[in-house]
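# What follows is a predicted structure for the sequence shown.
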Amino acid sequence: DAGVTQSPTHLIKTRGQQVTLRCSPKSGHDTVSWYQQALGQGPQFIFQYYEEEERQRGNFPDRFSGHQFPNYSSELNVNALLLGDSALYLCASSLFGNTIYFGEGSWLTVV
Amino acid sequence: AQSVTQLGSHVSVSEGALVLLRCNYSSSVPPYLFWYVQYPNQGLQLLLKYTTGATLVKGINGFEAEFKKSETSFHLTKPSAHMSDAAEYFCAVSEAGGFKTIFGAGTRLFVKA
């Protein structure tokens, strides 16, 4: 049983560019959440998707957007990248109300 | 609003000694509480969780935590540290229903030989 998978694992982008990160949830899970973890900090909640709708959002600007597909997989899009967006982006999946499982993350470096 | 405070950004213990990582939370509703471990350049792995019921929760790798409502604490312990326990540990809180999870800033555990 595959866990949460994320792609790409590492990427480098230039300021002002746009990036798309992808996540496939653990089999049987219907809820996907995205977190940003800056170096030396705990993960910060970006948003959560359930039934293809954004159910809850953290304190992140509109440059951060997402999508959930009918197969429950999800994308995180970040527009107009800033140097401060450099971080590990973690995807977590869960079955409504149950334990959250995390992927290995996507390391984004903005130069 | 919910929040988590982890006391001590760094904790150092000798191999074989007791591990105690402190976590206090704030929540206006009955909380779900979690401890996660993160090894270098990896994602987060769930150690244990408290939702309802027994307040002493046992997790993987010999770790356990006790939910103390009166103290709003959820400290993580392990009787005997092993070198492989060296990692970053995060305490987290969420509401029932699977909404957002709030993480503490983390505690890095060092284990000395």
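Thanks, I have the structure now.
# how about the strands of the chain, start to end?
I'll assume chain A. A:5-7, A:10-13, A:19-24, A:31-37, A:44-50, A:53-57, A:64-68, A:74-78, A:87-94, A:101-102, A:106-110 (DSSP state E).
# nope, chain B please
B:3-7, B:10-14, B:19-26, B:31-38, B:44-50, B:56-58, B:64-68, B:73-78, B:87-95, B:101-103, B:107-112.
# Return the list of helices and strands in contact with the third one.
In other words, strand B:19-26. strand B:3-7, strand B:10-14, strand B:31-38, strand B:73-78, strand B:87-95, strand B:107-112 (3 or more CB pairs under 8 Å, 6 or more residues apart in numbering or on different chains; DSSP states H and E). The way it works is simple: take the backbone N, C-alpha and C, and place the C-beta from them, glycine included.
# Now do the contacts for residue A:48.
Neighbouring residues of residue A:48 by CB atoms under 8 Å, 6 or more residues apart in numbering or on different chains: A:31, A:32, A:33, A:34, A:54, A:55, A:56, A:57, B:99, B:100.
# In a markdown table: those, plus pLDDT.
Converted to a markdown table, these look like this (pLDDT from 0 to 100):
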| residue | pLDDT |
| --- | --- |
| A:31 | 92 |
| A:32 | 94 |
| A:33 | 94 |
| A:34 | 96 |
| A:54 | 94 |
| A:55 | 90 |
| A:56 | 89 |
| A:57 | 93 |
| B:99 | 75 |
| B:100 | 84 |
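# Indicate which one of the helices and strands packed on strand B:19-26 is closest to residue A:74.
With respect to residue A:74, and counting by CB to CB, the nearest of the helices and strands packed on strand B:19-26 is strand B:87-95 at 18.6 Å.
# and that closest one, is it in reach of chain A?
Yes. Using CB under 8 Å from any CB of the partner chain, we find that strand B:87-95 touches chain A at B:90, B:92, B:94.
# ok so, going back, and which of the contacts of residue A:48 is nearest residue A:84?
Out of the contacts of residue A:48, the member with the shortest distance to residue A:84 (by CB to CB) is residue A:34, at 16.6 Å.
# Tally up the residues packed near the closest residue to the closest one other than its chain neighbours, please.
Counting by CB to CB, 6 or more residues apart in numbering or on different chains, residue A:34 lies nearest to residue A:46, which is 4.3 Å off, once chain neighbours are set aside. Burial of residue A:46 is recorded as 23 neighbouring residues (other CB atoms under 10 Å in any protein chain shown).
# any idea how far residue A:46 lies from residue A:65?
According to CB to CB, to the nearest Å, residue A:46 stands 10 Å off from residue A:65.
# Need the overlap of contacts for these two.
residue A:76.
# pLDDT value on the nearest residue to residue B:5 once chain neighbours are set aside, please?
Once flanking residues are discounted, residue B:5 sits nearest to residue B:24: 4.8 Å by CB to CB, 6+ apart. Residue B:24 carries a pLDDT value of 97.
# again with residue A:50
Model confidence at residue A:50, given as pLDDT, is 91.
# and if you look at residue A:1?
62.
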